[in-house]
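# with the sequence up front, the predicted model follows.
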Amino acid sequence: MSAQSFFDRKTPIAFEGPESRDPLAFRFYDKDRMVMGKRMEDHLRFSVAYWHSFTWPGGDPFGGETFNRPWMHGGSALDLAKQKAEIAFEMFRLLDAPFFAFHDVDVAPEGDSLQESNDNLKAITDIFEAKMATDKVRLLWGTANLFSNRRYMAGAATNPDPDVFAYAVGQVKAAIDATHRLGGANYVCWGGREGYETLLNTDMKRELDQLGRFMSMLVDYKHKIGFAGPILIEPKPKEPTKHQYDYDVATVYAFLQKYDLVADVKVNIEQNHAILAGHSFDHEVKLAFANGIFGSLDINRGDDLLGWDTDQFAMDVKEIALVFHEMLKHGGFTTGGLNFDAKIRRQSIDPDDLLIAHVASMDACARGLLAAEAMLTDNALTGPLEERYAGWESAENKAMLSGETGFQQIAERALSLNPQPRSGRQELLEGIVNRYV
């Protein structure tokens, strides 16, 4: 089966403007539009996730696959993987996507040994490299799947079996080698099984020390091979484990500090994971910037009525606008991007549904970016925020934080003060945001 015979469409999806009613046309994503001195495409840096788009069969805990993609059945596993690559790169072309991202086992079948798995990954990497030589798309990041195979049921880096730890090192080496060869901008670690189901059989300190050692070795290897991009940890509080060691941005930051990894390791933040941790998406982004560990974003959303990771396509313009408002204040992405770690619903079985979902979400992200630009240009949120903290700009008050004024001096000053509360104006600010979205 050829890539062209899977998708009926032959020409890349184009920008037609807000009046268009074509679901396969961009209404707001105008890649060459200038936003705060940079092309929209360079701000958003969209990435197609290989796993959800081409590997997930449409199953759920109560039913099997619904998609029945032609590259999922029949023939040898490696031949099917090669066919899948043809379809993937055709979709990248149709979406005019600047990036994609993959797990090792998404793109190449696991073999009966690590060597066979590595050989399969190399074969597909050869295909990717050849296609990328002539195509626009580049690699945002690669990663190794250290959670699906039953050998990792008790973790990978945190496993009680040292042989599993060693196997994970071998698998990650092959994955970062492939990522480096393809010019990947980042390398991601998601610790899907790095956590525990019960503390009754868990030595938490030992496991955290193992994870710290694993990450330290990965950073050393990154420098050895000359991989220029950062290592990214993707926080998630639970699923599939009861409790994961990379719970949220704050937890990851503490881990990086303890094991002296802050200089080389950043975070890849996912909206759905932030919600599962009890935070908002923009909370996690703000905290990452505040601690100097912001790296990249997985853009998706959860369902407010479901308590698990549904990985739906991001459509909430207001939420996206607030995230980009924070990002634009800090200059936006460097090596990161917006990776669509999102899957179409299991009833969306038509090939065009894959394209439509990406187009709709790309438009939502573009609208959020434009709203953020307008809010920043008007100082709609930054102005009130500066006003709220303006008292700290006086020399006397700056001295309290700089150390020039000591504890006792401040206490003596307080004897002559009678501060009164001031309105936080939350409703006013919420109304302001609504003007822009």
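Received, thanks.

# show me the shaky parts of this protein.
Within the chain, the stretches with pLDDT under 70 are 1-4.

# go again with 90.
1-5, 61, 304, 307 (pLDDT under 90).

# for Asp8, give me its contacts.
351-352 (CB atoms under 8 Å, 6 or more residues apart in numbering). C-beta: built from backbone N, CA, C; applies to glycine.

# same check, this time on Gly368
Here Gly368 is in contact with 317-321, 323-324, 437 (criterion: CB under 8 Å, 6+ apart).

# go through those and name the one nearest Asp309.
The nearest member of those to Asp309, counting by CB to CB, is Glu319 at 16.5 Å.

# so who does the closest one touch?
Glu319 sits in contact with 271, 280-282, 301, 368, where contact means CB under 8 Å, 6+ apart.

# and what of Asp22?
Glu16.

# still on that earlier bit, now the buried members of the contacts of Glu319.
By neighbour count, with 16 or more other CB atoms under 10 Å, those hold 271, 281-282, 301, 368 as buried.

# which parts of the stretch 251-400 of the chain are strands?
All strands of the stretch 251-400 of the chain, identified by DSSP state E, counting those that start in this stretch, fall at 265-270, 294-298, 338-340.

# which one of those lies closest to Asp209?
Comparing those by CB to CB, strand 265-270 comes nearest, at 16.2 Å.

# give the pairing partners of the closest one; include direction for each.
Strand 265-270 pairs in its sheet with strand 231-233 (parallel), strand 294-298 (parallel), by DSSP bridges.

# for the residue most central in space within the chain, name its beta-bridge partners.
When CA atoms, centre = their mean is applied to the chain, the residue found nearest the centroid is Asp298 (2.5 Å). Using DSSP bridges, the bridge partners assigned to Asp298 are Glu270, Asn339.

# and the two most separated of the contacts of Glu319?
Ser280 and Gly368 (14.2 Å).

# tell me how many other residues crowd the spatially closest residue to Ala371 that is not a sequence neighbour.
For Ala371, ignoring the flanking residues on the chain, the nearest one in space by CB to CB, 6 or more residues apart in numbering is Ala321 at 3.9 Å. By the criterion of other CB atoms under 10 Å, Ala321 has 24 neighbours.

# how near is Ala321 to Asp203?
44 Å (CB to CB, to the nearest Å).

# could you do Lys329 as well?
On the measure of CB to CB, Lys329 and Asp203 end up 42 Å apart.

# who are the contact partners of the residue nearest to Ala371?
367-369, 371-372, 375, 433, 436-437 are the contacts of Ala321 under CB under 8 Å, 6+ apart.

# if we go to 7 Å?
368, 371-372, 436-437 (CB atoms under 7 Å, 6 or more residues apart in numbering).

# those residues in helices, which ones?
Judged by DSSP state H, the subset of the contacts of Ala321 located in helices is 368, 371-372, 436.

# buried members of those into PyMOL, please.
Burial among these is assessed by 16+ other CB under 10 Å; the matching PyMOL selection reads:
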select buried, resi 368+371+372+436
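
# redo the ones in helices among the contacts of Ala321 as TSV? Include distance to Val188.
Shown next, in TSV, are the ones in helices among the contacts of Ala321 (distance: CB to CB, whole Å):
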residue	distance to Val188
Gly368	23
Ala371	28
Ala372	25
Tyr436	32
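
# with respect to Tyr253, which of the ones in helices among the contacts of Ala321 is nearest?
Ala372 (24.6 Å).

# which residues does that closest one contact?
Each residue near Ala372 by CB under 7 Å, 6+ apart is listed here: 321, 324-325, 328.

# residues near the nearest residue to Pro57 once chain neighbours are set aside, how many?
Nearest residue to Pro57 in three dimensions, chain neighbours excluded: Glu65, at 3.3 Å (CB to CB, 6+ apart). Residues lying near Glu65 (other CB under 10 Å) number 14.

# cool, and Ser113?
By other CB under 10 Å, the residues close to Ser113 number 9.

# just to revisit the earlier point, using JSON lines, lay out the strands paired with strand 265-270 together with distance to Ala263.
Listed next are the strands paired with strand 265-270 as JSON lines, based on distance: least, CB to CB, whole Å:
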{"stretch": "strand 231-233", "distance to Ala263": "11"}
{"stretch": "strand 294-298", "distance to Ala263": "13"}
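
# against Tyr152, how distant is Asp163?
In terms of CB to CB, Asp163 sits 12 Å off from Tyr152.

# tell me which of these two has more neighbours.
Tyr152 (21 against 9).

# and Ala366, how far is that from Phe26?
8 Å.

# ok, the two, which is more surrounded?
A direct count of neighbours by other CB under 10 Å for Ala366 and Phe26 places Ala366 higher, at 27 against 21.

# which residues does the more buried one contact?
Here Ala366 is in contact with 28-29, 40, 44 (CB under 7 Å, 6+ apart).

# ok, now with 10 Å
Residues near Ala366 by CB atoms under 10 Å, 6 or more residues apart in numbering: 15, 26-31, 33, 35, 40-41, 43-44, 46, 317, 320, 324.

# for Gln115, same thing?
Counted by CB under 10 Å, 6+ apart, Gln115 has contacts 170, 174.

# quick one: it is in a helix?
Yes. Remark: Gln115 belongs to a helix, assigned using DSSP: H, G, I helix; E, B strand; the rest coil.

# relative to Met217, how far out is it?
20 Å.

# rebuild the contacts of Gly368 as TSV, extending it with distance to Leu355.
Formatted as TSV, those follow (distance: CB to CB, whole Å):
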residue	distance to Leu355
Val317	20
Lys318	25
Glu319	23
Ile320	20
Ala321	24
Val323	24
Phe324	24
Val437	25
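
# ok, for Gly192, nearest residue in space, not its chain neighbours?
In space, Gly192 is closest to Phe147, 3.1 Å off (CB to CB, 6+ apart).

# separation between that neighbour and Phe255?
18 Å.

# please say which of those two ends up with more neighbours.
Phe255 (21 against 17).

# so the more buried one sits against Asp246, correct?
Yes. Using CB atoms under 10 Å, Phe255 is in contact with Asp246, at 7.3 Å.

# need the residues touching each of the two.
Contacts common to Phe255 and Asp246, judged by CB under 10 Å, 6+ apart, are 211, 233, 235.

# just put these in TSV and tack on neighbour count and distance to Ser394.
Listed next are the shared contacts of Phe255 and Asp246 as TSV, based on neighbours: other CB atoms under 10 Å; distance: CB to CB, whole Å:
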residue	neighbour count	distance to Ser394
Leu211	24	46
Ile233	29	40
Pro235	28	38
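
# show me what counts as buried in whatever helix or strand Ile124 lives in.
Taking DSSP states H and E as the criterion, Ile124 maps to helix 114-132. Judged by neighbour count (16+ other CB under 10 Å), helix 114-132 contains these buried residues: 117-118, 120-121, 124-125, 127-128, 131-132.

# and the next helix or strand past that helix?
Next element after helix 114-132 (DSSP H and E): strand 138-143.
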